[in-house]
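**Q** need a 3D model of the following:
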Amino acid sequence: MTQPIDYIKTHKDRFLAELFELLKLPSVSADSAFKNDVIATAELVAKQLEKAGCEHVTIYPTAGNPIVYGEKIINPELPTVLVYGHYDVQPADPIDLWDSAPFDPIIKKTDLHPDGAIFARGACDDKGQMYMHVKALEFMTQTDQLPCNVKYMIEGEEEVGSKNLGIFVAENKALLTNDIILISDTGMIANDVPSITTGLRGLSYMEVAVTGPNRDLHSGLYGGAVANPINILTKMIASLQDDNNRITIPGFYDDVLELSAAEREAMAQAPFSLEAYCQALDIAEVYGEKGYSTNERNSIRPTLDVNGIWGGYTGEGSKTVIPSQAFAKISMRLVPNQDWEKISALFERHFKAIAPKGVRVAVTTHHGGQSYVTPIDHPGYRAAAAAYQDTFGVAPIPQRGGGSIPIVALFESELGSKTILMGFGLDSDAIHSPNEHFGVWNYLKGIETIPRFFHHFTEISKQ
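**A** Got it, this is the predicted structure:
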């Protein structure tokens, strides 16, 4: 029987070439200027799914970007795995910080990737990881080793909140019926320390606008006499956290699920070097909520961060003005039991309440999602752990993730299915940043491991 690793060796160059073709399309969902590229990417994903062995491949239009669906049903009595991924990517800005063109993929060797890493926007998040599943399907169909049914749902709005995916899922529950959902949109601790993400933080993404005078004013004639929206905005934002870096919004922590000492001790067993962490980020020391470790701060604790702030004159040279308006984008990562809509409402109420009378404040909720946890005794987790054991030679470590995939909680509420997060990226892959990359080794290891999940899940389901 042909093994995945042997099939991969034979087709490695083609697997990379096909991924490069996908990465060259700038499918940026946040910018309407790339709408045609987004559609072209959906069409390419559909084409490759069909070539890999999928049947009934369909591009479903939505009010936003299309959703690609395909399936391979070999026996209705067998388990069904629903694979989810997304083909849209983050904007590449700032372009000048990239060492190579973001949509012209290139392989370069690095210290962590001696076999080379693919540098391109979307290489890891999520085109590279999504495409592993397409090639895993090809292996299973071409070698007659697909042990159960599989469905694919690949969307184009994950990076902007997946608004239309929720509608699609609610309207197509029968089409999407499954026994487990499989996603590769996360990472692992290291190439020699595999891990499976068992929890995700929720998200509330806000935008605020502070308006003062009805026009920009001369800072000499009016400075000190009227409120400067930028000054006010920065003071308001600074007040959202206290000296211990705890968030000051009333009611923010009311529903936070605190982990027990035993659970925190178990988390601390994961290998972690604070020195290496600081060195990789070129920082002198870490920063965060008092009383928690770095790994706890970025996984089991809620956060509030300014993602962007602007206003006034930012061009070359000087222009002495008091701006009429100032703006900021603020995201809050949430933990189990925190409801993102409740937190958004608490934020809006508090932010408006702390504004001085000399300005007007507008708050917009962009998008959000709930947190999520998968028990490690679930059949899906056990199958994933066995798959990693097969291909890595060691058992994976269960790990809470700091990121958010808002649709995971939606899948459970709408489809009644648990999700398994089999990520193969590394924290150093610079997702959402300039020079995003994905190790060639990681890409191929994912293709090797995914078929083992299908095998183990099918066997466990028979028990």
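
**Q** pull the contacting residues for residue 190.
**A** The contact partners of residue 190, taken as C-beta atoms under 8 Å, 6 or more residues apart in numbering, are 271, 426. Yep, even glycine has a C-beta here, placed from its N, CA and C like the rest.

**Q** so what's it bridging to?
**A** Counting by DSSP bridges, residue 190 forms beta bridges with residue 193.

**Q** got a pLDDT number for it?
**A** For residue 190, the model assigns a pLDDT of 93.

**Q** how far out from the middle of the chain is the least confident helix or strand in the chain by mean pLDDT?
**A** Ranked by mean pLDDT, DSSP states H and E, the helix or strand of the chain with the weakest confidence is helix 261-267, at a mean of 81. Helix 261-267 has its C-alpha centroid displaced from the chain centroid by 25 Å (C-alpha atoms, centre = their mean, to the nearest Å).

**Q** can you show me the CA trace of it as CSV?
**A** Backbone C-alpha positions of helix 261-267 (Å, rounded to 0.1, in the frame of the first residue of the first chain) are rendered in CSV as follows:
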residue,chain,number,x,y,z
ALA,A,261,-4.2,25.9,39.8
ALA,A,262,-3.9,22.3,38.4
GLU,A,263,-4.9,23.4,34.9
ARG,A,264,-2.4,26.3,35.0
GLU,A,265,0.3,23.9,36.2
ALA,A,266,-0.4,21.5,33.3
MET,A,267,-0.2,24.4,30.9
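
**Q** for it, packing partners?
**A** Applying 3 or more C-beta pairs under 8 Å, 6 or more residues apart in numbering; DSSP states H and E, one finds that helix 261-267 contacts helix 294-297.

**Q** beyond the helix it packs on, next helix or strand please.
**A** Using DSSP states H and E, the helix or strand that directly follows helix 294-297 along the chain is strand 303-311.

**Q** in that next one, what's buried?
**A** Of all the residues in strand 303-311, those buried under the rule 16 or more other C-beta atoms under 10 Å are 303-304, 311.

**Q** distance from the chain centre to the helix or strand following the least confident helix or strand of the chain, please.
**A** Under the assignment DSSP H and E, the closest C-terminal helix or strand after helix 261-267 is helix 274-281. The chain centroid and the centroid of helix 274-281 are separated by 22 Å under C-alpha atoms, centre = their mean.

**Q** outside of helix 274-281 itself, list whatever touches it.
**A** 284-286, 294, 428.

**Q** are any of those buried, and if so which?
**A** The neighbour-count test (16+ other C-beta under 10 Å) marks residue 428 as buried among the contacts of helix 274-281.

**Q** could you give the average pLDDT over stretch 172-183?
**A** pLDDT averaged over stretch 172-183 gives 98.

**Q** so where do the helices sit in the stretch 151-300 of the chain?
**A** Ranges of helices in the stretch 151-300 of the chain, per DSSP state H, counting those that start in this stretch, are 163-171, 219-222, 229-238, 261-267, 274-281, 294-297.

**Q** ok, residue 85 touching residue 133?
**A** Yes - judged on C-beta atoms under 8 Å, residue 85 makes contact with residue 133 at a distance of 6.5 Å.

**Q** common neighbours of those two, please.
**A** With C-beta under 8 Å, 6+ apart as the test, residue 85 and residue 133 both reach 152, 184.

**Q** how about the helices of the stretch 151-300 of the chain in JSON lines, adding distance to residue 141?
**A** Shown next, in JSON lines, are the helices of the stretch 151-300 of the chain (distance: least, C-beta to C-beta, whole Å):
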{"stretch": "helix 163-171", "distance to residue 141": "26"}
{"stretch": "helix 219-222", "distance to residue 141": "68"}
{"stretch": "helix 229-238", "distance to residue 141": "53"}
{"stretch": "helix 261-267", "distance to residue 141": "39"}
{"stretch": "helix 274-281", "distance to residue 141": "40"}
{"stretch": "helix 294-297", "distance to residue 141": "40"}
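
**Q** any idea how far residue 261 is from the residue nearest to residue 293 when sequence neighbours are not counted?
**A** Among residues not flanking residue 293 along the chain, residue 268 sits closest, at 6.8 Å (C-beta to C-beta, 6 or more residues apart in numbering). As judged by C-beta to C-beta, to the nearest Å, residue 268 and residue 261 stand 10 Å apart.

**Q** got the contact list for residue 168?
**A** Contacts for residue 168 (C-beta under 8 Å, 6+ apart) come out as 60, 62, 67, 155.

**Q** highest neighbour count among the residues you listed?
**A** Within these, most neighbours by other C-beta atoms under 10 Å means residue 155, with 29 neighbours.

**Q** these two touch, right, it and residue 69?
**A** No - the pair residue 155 and residue 69 fails to qualify as a contact (C-beta under 8 Å) at a distance of 9.7 Å.

**Q** and the gap between residue 169 and residue 275?
**A** Residue 169 sits 44 Å away from residue 275, going by C-beta to C-beta.

**Q** what of residue 232?
**A** Counting by C-beta to C-beta, the gap from residue 232 to residue 275 is 40 Å.

**Q** which one's more surrounded, those two?
**A** Higher neighbour count among residue 232 and residue 275: residue 232, with 20 against 7, using other C-beta under 10 Å.

**Q** show the pLDDT at the more buried one.
**A** On pLDDT, residue 232 comes in at 98.

**Q** cool, and the one 10 residues further on?
**A** Listed pLDDT for residue 242 reads 98.

**Q** just residue 268 next, same as before
**A** Model confidence at residue 268, given as pLDDT, is 84.

**Q** shouldn't it be in contact with residue 294?
**A** No - counting by C-beta under 8 Å, residue 268 stays clear of residue 294, with 10.7 Å between them.

**Q** mind listing the strands for the stretch 1-150 of the chain?
**A** Using DSSP state E, counting those that start in this stretch, the strands of the stretch 1-150 of the chain run over residues 55-60, 67-72, 80-86, 106-108, 117-119, 149-155.

**Q** got JSON lines for those strands, with distance to residue 191 and mean pLDDT too?
**A** Listed next are these as JSON lines, based on distance: least, C-beta to C-beta, whole Å; pLDDT from 0 to 100:
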{"stretch": "strand 55-60", "distance to residue 191": "33", "mean pLDDT": "98"}
{"stretch": "strand 67-72", "distance to residue 191": "30", "mean pLDDT": "98"}
{"stretch": "strand 80-86", "distance to residue 191": "22", "mean pLDDT": "98"}
{"stretch": "strand 106-108", "distance to residue 191": "17", "mean pLDDT": "98"}
{"stretch": "strand 117-119", "distance to residue 191": "11", "mean pLDDT": "98"}
{"stretch": "strand 149-155", "distance to residue 191": "26", "mean pLDDT": "98"}
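
**Q** now distance to residue 447 too, for the ones you listed, in TSV please.
**A** TSV is the format used below for the strands of the stretch 1-150 of the chain (distance: least, C-beta to C-beta, whole Å):
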stretch	distance to residue 447
strand 55-60	20
strand 67-72	17
strand 80-86	13
strand 106-108	16
strand 117-119	14
strand 149-155	15
